[in-house]
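J.: Got a sequence here, can you build the structure:
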Amino acid sequence: MPGGSILARRHVPVALGPGARVSPDSLLAAVLHLDSPVLVHHLGRTIVAACPDQRATGADVWDALRRPAPRGSAADPMAGGWIGLLADRLASTVELLPGSPPDDAGPPAGTIARYPAVIVIDDQGGAQVVAERAGPEVDALLDAVHARAGGLARVPPPCTVVRSSLPGAMYEATVTRARELIRAGDIYQVNLVQRLDAEWPASPAALARALWAAAGPAAHRAYVDLPEGTVISASPERMVASDGRTAWSEPIKGTAAPGEFATLARSAKDRAEHVMIVDLVRNDLGRIARPGSVAVPSLMGHLATAYADHMVSRITARLRDNVGPAEILRAVFPAGSVTGAPKVRALEIIRDLEPVGRGPAFGSVVAVGTDGSLDANVTIRTAWVPRDVPRAQYWSGGAVVWDSDPVAEREEAWRKAAPFLAAVGAHAP
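T.: Numbers count the residues shown, from 1 in each chain. A predicted model of the protein is given here:
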């Protein structure tokens with residue numbers, strides 16, 4: 001039978017087959033016809049899932065993540081775990097902030113869903129379906145993966161015109177306004193972004209294939225189908241992860257053209273910019289850490305992507321007792337690397353300077369296991385495809401400090417847009 005034997009349906013976990021080696025993309029393609037398909041990363045594995053049985057939206061996501069998860073017989077904590085989006089606007093449930101700029105056809109502030117059955121794929125392409133119990137969700141996944149054929153759709157780039165929310169000299173003028181606030185002592189660093197809009201007549205899955213191909217391997221990429229639209233992320237950045245005992249963050253700050261990391265590492269401006277964010281993340285993690293346990297085992301390392309080189313650090317902390325996923329996420333959200341320092345003042349300035357909302361970008365796609373483990377990216381290099389609207393949006397920008405040059409900042413923002421421009425067949429102005 002197409003979905004596997006009755007024995008396979010009643011006993012979980014279920015291997016896809018002896019020696020099965022599959023790509024995460026092909027498994028995502030197999031479940032796209034099901035309800036709320038997702039692809040995320042969780043502590044070194046890729047998770048593909050569909051058919052959630054519960055949802056939480058807005059501020060209710062924090063309550064959902066605080067509730068003890070029911071434990072079934074699953075061999076993997078992501079069976080019965082929560083997966084979803086914490087959008088930038090959710091920051092107003094963590095801090096007292098002014099309203100966000102307009103966000104037409106954007107996602108809700110936060111949406112997470114509980115997936116009782118998931119597909120777990122390891123780095124070697126081994127995969128298995130794991131469920132907390134026998135039921136319709138595991139039946140649907142088994143039917144889909146055994147019937148799978150092909151992968152994500154490929155379409156030619158539409159060669160469209162891309163429109164920026166900060167066109168021409170407006171980006172440079174906004175950087176200049178931010179520098180004036182820095183000179184006045186109002187802020188040390190603030191992250192500014194532009195939203196790009198392009199026609200996209202094909203499916204969200206086709207954009208995912210094109211964006212991921214253009215961006216190259218991305219350790220924290222994600223696909224999250226929501227009722228309002230689809231989040232597609234080619235993120236290289238981890239906001240925070242935890243195994244329940246230790247939490248760690250890997251902020252990216254500092255960007256150069258591919259192959260120019262040596263120059264980046266010598267830049268006094270970029271090093272200072274990076275250290276500011278490392279200190280901010282140390283402070284964030286310190287709110288949930290055992291005293292004296294926050295450490296920086298890696299500082300200003302090299303992260304190479306197909307379109308840019310970055311500096312990345314790793315900050316770790318041993319967790320206090322009774323600190324769970326909700327407390328960890330609230331301590332660090334939104335990520336300091338995409339806000340600025342001090343964080344709350346930076347968020348206020350962002351809402352004043354940016355003309356449109358950030359949608360799903362510069363928030364986080366999260367995967368939270370039943371054992372309290374979590375992995376959460378930063379939704380940089382991230383696109384949004386609204387439901388039943390033939391267009392796609394993408395956000396790109398960078399951190400502004402006193403030493404920032406407005407022209408160079410605008411060029412950096414467009415460099416980070418390279419994967420999206422390639423996906424839709426456009427060029428930077």
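
J.: Can you report how many residues neighbour Asp104?
T.: Neighbour count of Asp104, defined by other Cβ atoms under 10 Å: 11. The C-beta positions use only the backbone N, C-alpha and C, and glycine is treated the same way.

J.: list the contacts for it?
T.: Val356 (Cβ atoms under 8 Å, 6 or more residues apart in numbering).

J.: Can you verify it is assigned to a helix?
T.: No: with DSSP: H, G, I helix; E, B strand; the rest coil as the criterion, Asp104 is coil rather than part of a helix.

J.: Return the distance of it relative to Val424.
T.: Look at Asp104 and Val424: by Cβ to Cβ, to the nearest Å, they are 19 Å apart.

J.: can you check Tyr223 too?
T.: 17 Å.

J.: likewise Pro68?
T.: Taken as Cβ to Cβ, the span from Pro68 to Val424 is 44 Å.

J.: Which one's more surrounded, the two?
T.: Val424 (26 against 8).

J.: Show me the strands in the stretch 251-400 of the chain, by range?
T.: According to DSSP state E, counting those that start in this stretch, the stretch 251-400 of the chain carries its strands in the segments 252-256, 295-304, 309-318, 340-341, 364-368, 374-377, 382-386, 391-400.

J.: swap in the stretch 51-200 of the chain?
T.: Under DSSP E, counting those that start in this stretch, the stretch 51-200 of the chain gives strands at 54-57, 81-86, 110-115, 117-121, 127-131, 163-164, 189-199.

J.: Show me what the shortest one packs onto, helices and strands only.
T.: The reference is to strand 163-164. strand 189-199 (3 or more Cβ pairs under 8 Å, 6 or more residues apart in numbering; DSSP states H and E).

J.: Might you calculate how far the following helix or strand past the strand it packs on sits from the centre of the chain?
T.: Going down the chain from strand 189-199, the next helix or strand is helix 204-215, by DSSP states H and E. Its chain's C-alpha centre lies 15 Å from the corresponding centre of helix 204-215 when counted by Cα atoms, centre = their mean, to the nearest Å.

J.: for stretch 171-191, same thing?
T.: With Cα atoms, centre = their mean, you get 26 Å for stretch 171-191.

J.: which parts of it are buried?
T.: 171-172, 174-175, 177-179, 181-182, 187-191 (16 or more other Cβ atoms under 10 Å).

J.: Only C-alpha atoms, please: export it in CSV.
T.: Output in CSV follows, covering the C-alpha atoms of stretch 171-191 (Å, rounded to 0.1, in the frame of the first residue of the first chain):
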residue,chain,number,x,y,z
TYR,A,171,18.9,55.0,1.9
GLU,A,172,21.9,57.2,2.2
ALA,A,173,19.8,60.0,3.8
THR,A,174,18.4,57.5,6.4
VAL,A,175,22.0,56.4,7.3
THR,A,176,22.9,60.1,7.7
ARG,A,177,20.0,60.6,10.1
ALA,A,178,21.1,57.5,12.1
ARG,A,179,24.6,58.9,12.3
GLU,A,180,23.2,62.2,13.7
LEU,A,181,21.5,60.2,16.5
ILE,A,182,24.8,58.5,17.2
ARG,A,183,26.7,61.7,17.3
ALA,A,184,24.1,63.1,19.8
GLY,A,185,24.8,60.1,22.1
ASP,A,186,21.3,58.7,21.5
ILE,A,187,22.5,55.3,20.3
TYR,A,188,25.8,53.5,19.6
GLN,A,189,24.7,51.3,16.7
VAL,A,190,21.4,50.8,14.8
ASN,A,191,20.5,48.3,12.0
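
J.: what pLDDT, on average, does that stretch get?
T.: Mean pLDDT, stretch 171-191: 98.

J.: next one: stretch 101-121
T.: Mean predicted lDDT for stretch 101-121 stands at 94.

J.: So for that stretch, first residue to last residue, what's the gap.
T.: Start and end residues of stretch 101-121 are separated by 39 Å (Cα to Cα, to the nearest Å).

J.: try stretch 374-383
T.: End-to-end distance (Cα to Cα), stretch 374-383: 23 Å.

J.: can you check stretch 283-302 too?
T.: One end of stretch 283-302 sits 23 Å from the other (Cα to Cα).

J.: Contacts for that stretch, please.
T.: 240, 247, 249, 254, 261, 265, 271, 274, 278, 282, 309-320, 323, 327-328, 331-332, 336, 343.

J.: Can you point out the buried residues in it?
T.: So, applying 16+ other Cβ under 10 Å, buried residues of stretch 283-302: 283-286, 288-289, 294, 300.

J.: In TSV, list those along with distance to Arg163.
T.: As requested, those are exported to TSV (distance: Cβ to Cβ, whole Å):
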residue	distance to Arg163
Asn283	38
Asp284	35
Leu285	38
Gly286	42
Ile288	41
Ala289	44
Val294	43
Met300	35
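
J.: Which of those residues sits closest to Leu211?
T.: Met300 (27.7 Å; Cβ to Cβ).
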